[in-house]
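Colleague: predicted model follows, preceded by the sequence.
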Amino acid sequence: MSYVTCDVVLSSNTMETFMTPLRFLSPRNHDRIVDLLRKEPCDHSLVMKAIPTLQMIQALSMVNQEVARSKFERFLSSIETHVLKKNGFNLMIRNIPNVAQMRETDEKVVIRYVHIRDTLRQFGNLIMFHMIRGTVYAKFADQETCVKTHSLINNMMMGDNIINSELVMGN
């Protein structure tokens, strides 16, 4: 059992080591994905497959930063989706603001873990979620609740932000 844990830590650290030199291409996305990898495991085979891609993006960044940035962002998105599917998450909510105004009192409130948790629990059986840098990764007990939540909150205004939700399907 400890071997598996060690392998998962090695995989996340290895992925982070190879991604860090490319952080300048997309710092916000890079930091969010690194934080996600610190919370959720990623399989070693994915890391081994990713290394040549990251090396190619690194070389490309010296020639054409815009193309390298685009490839790096697609790479980060694919890692994010893979980790979410592998760990059973079924909903991703983006563009959560740091501060929102309460409708009843007009008071500005910092949006915290507890606010998101209580809101998502109103939709159904929430198994777990992570709130990382303006993005929420949620795992509902059943797909029906997930789809209903997505249809209700996608493109909803929260504070000054329009939040976007995306279903994460499959394993």
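Modeller: Looks like it came in fine.

Colleague: going forward, measure contacts between C-alpha atoms and count neighbours the same way
Modeller: OK.

Colleague: quick one: pLDDT of residue 26?
Modeller: Note on residue 26: pLDDT of 95.

Colleague: that one and residue 66 touch, don't they?
Modeller: No. With contact defined as CA atoms under 8 Å, residue 26 does not count as touching residue 66 (10.5 Å).

Colleague: more neighbours: the two, which one.
Modeller: Of the pair residue 26 and residue 66, residue 26 is the one with more neighbours under other CA atoms under 10 Å, namely 15 against 12.

Colleague: residue 129 versus the more buried one, what's the distance?
Modeller: From residue 26 over to residue 129 the distance is 24 Å, taken as CA to CA, to the nearest Å.

Colleague: check residue 139 too.
Modeller: Residue 139 sits 6 Å away from residue 129, going by CA to CA.

Colleague: can you check residue 29 too?
Modeller: Applying CA to CA to residue 29 and residue 129 gives a distance of 18 Å.

Colleague: kindly report the same for residue 18.
Modeller: From residue 18 to residue 129 the distance is 27 Å (CA to CA).

Colleague: residue 90 too?
Modeller: 10 Å.

Colleague: quick one, which of these two is more surrounded?
Modeller: Remark: of residue 90 and residue 129, residue 90 carries more neighbours, 25 against 18, as counted by other CA under 10 Å.

Colleague: what's the first helix or strand after the helix or strand containing residue 114?
Modeller: If you go by DSSP states H and E, residue 114 is part of helix 113-121. For helix 113-121, the following helix or strand on the C-terminal side (DSSP H and E) is strand 126-132.

Colleague: the helix of greatest length in the chain packs against which elements?
Modeller: Scanning the chain for the longest helix, with DSSP state H as the assignment, gives helix 65-86. For helix 65-86, the packing partners by 3 or more CA pairs under 8 Å, 6 or more residues apart in numbering; DSSP states H and E come out as helix 27-39, helix 44-61.
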